[in-house]
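Participant: What would the 3D arrangement of this be:
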Amino acid sequence: MRVALITLGCDKNTVDSERYLAQLLDHGAEQVLDPADAELIIVNTCGFIDAAKAESIDALVQAGRLKIDGAAQAVVAVGCMVERHKDELVEALPEVDFFLGASEMEQLVPRLYERGLIGDPVTQHPGVRTYAGETPHVRYLKISEGCDHGCAFCAIPLMRGKHRSFSLDEIVREAQLLELQGAREVNLVAQDLAHYGRDRSDGVRLPDLLKALLKETSIPWFRNMYLYSAGITPALLEVIASEPRIVRYLDIPIQHASDSVLERMRRPERRKTIREKVQRFRDVVPELAMRTTCIVGFPGETADDFNQLMEFLEEIQFERVGAFTYSAQEGTRAAAMVDDVPEDLKRERLERLIELQRSITAERYESRIGSTVLALVEHGGDADEPARARLPWQADDIDGITLLDRSATVGNFVEVEVTEVVDDYDFEARVIREIAPVAAVAPVRAGRTLPLASIGSFGR
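Facilitator: Residues are numbered from 1 along each chain as shown. A predicted model of the protein is given here:
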């Protein structure tokens, strides 16, 4: 069975899709990149905001058309939007063969097997397998599922459930497999990485997990994506500061900087605490780059509230900020509030914030000129475009790129001198030397290897 898997939404969905694909490949499926060539199309949906829902529905409609015009024999919808709106989707999209929500992930392979769309497992120890269409040297590793925070605006707990940490051994084994597949950078993802282990009785926390990953693999870069600053401990900062393979980068969502808005959002910290935490992070971890996210136009946000946010961003000087306008999500506490900030005002505030952050990012990046650092090569360079890479403070897909002055091998590291900021968000750099990867990959310990089918299991 030729399978096309369409992934929408966040990095957590990317990890889920890779696990789906691992199971499918292990049952004899063949991945194809073009849905028009697929006999089975799976759409991993996102239900986070209205625009994401619309994109998911459009993808399902397009996939359904391929049952008429293409090779598709079946279309399956999975993921977050299905979790929240399955009944409506079943009624609205009869062309979709079946729907599985985020909490029903383990049912995908059995349901496909029952329908004869995949066969019995065909391998036990598949070894190295790189997924077509994925970037084998940059991978994502989810360490927990769900969220306990209960922010007023967020529907994630409704889609993903309560926070559940995966076991350290399983995460390490999965990291080892990613290394065997060529991973040079692994991005750790969760709704809140800092919450890792709090629901477990073994006492293992995020610093312990990081140390285990460093010990049991040779992956050069680990990056921490999305941590609430409230959970970042001195022990975690010490590990980041002392271990060069952990990228000095933190993605900490503050969402706002007005205490009244933060309170209505049901956020765990206030302006003063966030300020103190950020300063402490920078004091303990030299050269730390920080990214955050902000929401503008939350119910009740006044001009003064917004100005407080702008002043705070100017004071703190985050390297990057992802900003969004508020939109009500069904079933959340905020959905019961009066959405009293007009849409045009939301857009105006968003544009002002983006423009401010553009200048802050440019200023922060100017200070990096002259630095000598490692960069991970993303494109080797050809006649159409120059080689490009990412510096430690440039996360995959969201923080810009660095243009290199000569060609290099994709997946290798290069030592570069940063020479210029381009268009406020990108860099140019001079390659000093290229660093070839070590021939042998993960130090896979006896009894710790994990078959690909097991990596695909959701029975954690």
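Participant: and the nearest residue to Ala59 once chain neighbours are set aside, what element?
Facilitator: The spatially closest residue to Ala59, leaving aside those adjacent along the chain, is Val43, at 5.0 Å (CB to CB, 6 or more residues apart in numbering). In short, each C-beta sits where N, CA and C put it, glycine included. Taking DSSP states H and E as the criterion, Val43 maps to strand 40-45.
Participant: For Ala375, which non-adjacent residue is closest in space?
Facilitator: Leaving aside its sequence neighbours, Ala375 sits nearest to Ala389 (CB to CB, 6+ apart; 3.8 Å).
Participant: Can you name every helix or strand that the helix or strand hosting the one you found contacts?
Facilitator: Counting by DSSP H and E, the secondary-structure element that holds Ala389 is strand 388-390. Contacts defined by 3 or more CB pairs under 8 Å, 6 or more residues apart in numbering; DSSP states H and E place strand 388-390 against strand 372-379, strand 402-404.
Participant: Need the winner for burial among those strands.
Facilitator: strand 402-404 (a mean of 23; mean count of other CB atoms under 10 Å).
Participant: Strand partners (parallel or antiparallel) of it?
Facilitator: Strands adjacent to strand 402-404 in the sheet, as given by DSSP bridges, are strand 388-390 (antiparallel), strand 426-435 (parallel).
Participant: Show residues contacting it.
Facilitator: Strand 402-404 is touched from outside by 375, 377, 381, 386-391, 394, 414, 416, 418, 422, 426-431, with contacts defined as CB atoms under 8 Å, 6 or more residues apart in numbering.
Participant: switch to 7 Å and redo it
Facilitator: Residues outside strand 402-404 that contact it (CB atoms under 7 Å, 6 or more residues apart in numbering): 375, 381, 386-391, 394, 414, 416, 422, 426-429, 431.
Participant: What is the subsequent helix or strand relative to that strand?
Facilitator: The element immediately downstream of strand 402-404 (helix or strand, assigned by DSSP H and E) is strand 413-422.
Participant: With only the CA atoms kept, save that next one in CSV.
Facilitator: Provided in CSV are the C-alpha atoms of strand 413-422 (Å, rounded to 0.1, in the frame of the first residue of the first chain):
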residue,chain,number,x,y,z
PHE,A,413,28.6,21.1,11.0
VAL,A,414,30.7,24.0,9.9
GLU,A,415,32.6,26.5,12.0
VAL,A,416,31.8,29.9,10.8
GLU,A,417,32.4,33.6,11.4
VAL,A,418,29.2,35.6,11.5
THR,A,419,29.8,38.5,9.1
GLU,A,420,26.4,40.3,8.5
VAL,A,421,22.8,40.5,9.4
VAL,A,422,20.5,40.2,6.4
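Participant: Could you number the chain from 436 rather than 1 from now on?
Facilitator: New numbering, starting at 436: the last item is strand 848-857.
Participant: quick check: angle from that strand to strand 807-814?
Facilitator: Between strand 848-857 and strand 807-814, the angle formed by their directions is 90 degrees, by axes from the mean of the first three to the mean of the last three CA atoms, to 10 degrees.
Participant: tell me the average confidence for strand 848-857?
Facilitator: Per-region confidence: strand 848-857 scores 93 on mean pLDDT.
Participant: got CSV for the helices and strands packed on strand 823-825, with distance to Ile795 and mean pLDDT too?
Facilitator: Converted to CSV, these look like this (distance: least, CB to CB, whole Å; pLDDT from 0 to 100):
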stretch, distance to Ile795, mean pLDDT
strand 807-814, 21, 93
strand 837-839, 19, 95
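Participant: in the longest helix along the chain, what's buried?
Facilitator: Counting residues, the longest helix in the chain under DSSP state H turns out to be helix 778-801. Neighbour-count burial for helix 778-801, counted by 16 or more other CB atoms under 10 Å, picks out Leu780, Lys781, Arg784, Leu785, Leu788, Leu791, Gln792, Ile795, Thr796, Arg799, Tyr800.
Participant: name the element the nearest residue in space to the fifth one that is not next to it in sequence belongs to?
Facilitator: On the basis of CB to CB, 6+ apart, the spatially nearest residue to Leu788 that is not a chain neighbour turns out to be Ala758, at 5.0 Å. For Ala758, the enclosing helix or strand under DSSP H and E is strand 755-760.
Participant: tell me which residues in that strand are buried?
Facilitator: By neighbour count with 16+ other CB under 10 Å, strand 755-760 contains the buried residues Arg755, Val756, Ala758, Phe759, Thr760.
Participant: Show me what the second one is bridged to.
Facilitator: With DSSP bridges as the criterion, the beta-bridge partners of Val756 are Thr727.
Participant: Could you give the number of residues near Glu490?
Facilitator: Neighbour count of Glu490, defined by other CB atoms under 10 Å: 16.
Participant: Might one say that it is in contact with Gly444?
Facilitator: No. No contact is recorded between Glu490 and Gly444 when judged using CB atoms under 7 Å, the distance being 8.7 Å.
Participant: how far away is the residue lying closest to Asp859 once chain neighbours are set aside from Asp858?
Facilitator: Take Asp859 and drop its neighbours on the chain: the residue closest to it by CB to CB, 6+ apart is Ala797, 4.1 Å away. With the distance defined as CB to CB, to the nearest Å, Ala797 ends up 9 Å from Asp858.
Participant: Next: Arg633.
Facilitator: Computed with CB to CB, the distance linking Arg633 and Asp858 is 41 Å.
Participant: Neighbour count for these two, which is higher?
Facilitator: Arg633 (14 against 9).
Participant: hmm, back to that, run the angle between the longest helix of the chain and strand 861-870 for me.
Facilitator: 40 degrees.
Participant: any low-confidence regions in this structure?
Facilitator: For the chain, residues meeting the criterion pLDDT under 70 lie at 556-570, 872-895.
Participant: if you set the cut-off to 50 instead, what comes out?
Facilitator: The chain contains residues with pLDDT under 50 at 558-568, 874-895.
Participant: sorry, back to before: wouldn't the residue nearest to Ala810 be in contact with Leu809 here?
Facilitator: No. Ala824 is beyond contact range of Leu809, at 9.1 Å (criterion: CB under 7 Å).
Participant: Neighbours of the nearest residue to Phe588 once chain neighbours are set aside, how many?
Facilitator: Here the nearest residue to Phe588 in space, its sequence neighbours aside, is Ala769; by CB to CB, 6+ apart that works out to 4.4 Å. Other residues lying near Ala769 total 22 when counted by other CB under 10 Å.
Participant: And for Gly805?
Facilitator: For Gly805, the neighbour count with other CB under 10 Å is 8.
Participant: so who does it touch?
Facilitator: Gly805 sits in contact with Val853, where contact means CB under 7 Å, 6+ apart.
Participant: quick one: it from Ile751, how far?
Facilitator: Gly805 is 24 Å from Ile751, where distance means CB to CB.
Participant: Kindly report the same for Asp485.
Facilitator: Looking at Asp485 against Ile751, where the rule is CB to CB, the gap reads 30 Å.
Participant: Give the residue from these two that has the larger number of neighbours.
Facilitator: Under the neighbour definition other CB under 10 Å, Asp485 and Ile751 were set side by side, and Ile751 has more, 18 against 12.
Participant: could you measure the residue nearest to Val845 when sequence neighbours are not counted against Val853, distance?
Facilitator: With sequence-adjacent residues excluded and distances taken as CB to CB, 6+ apart, Val845 is closest to Gly815, at 4.9 Å. When CB to CB is applied, the distance between Gly815 and Val853 equals 20 Å.
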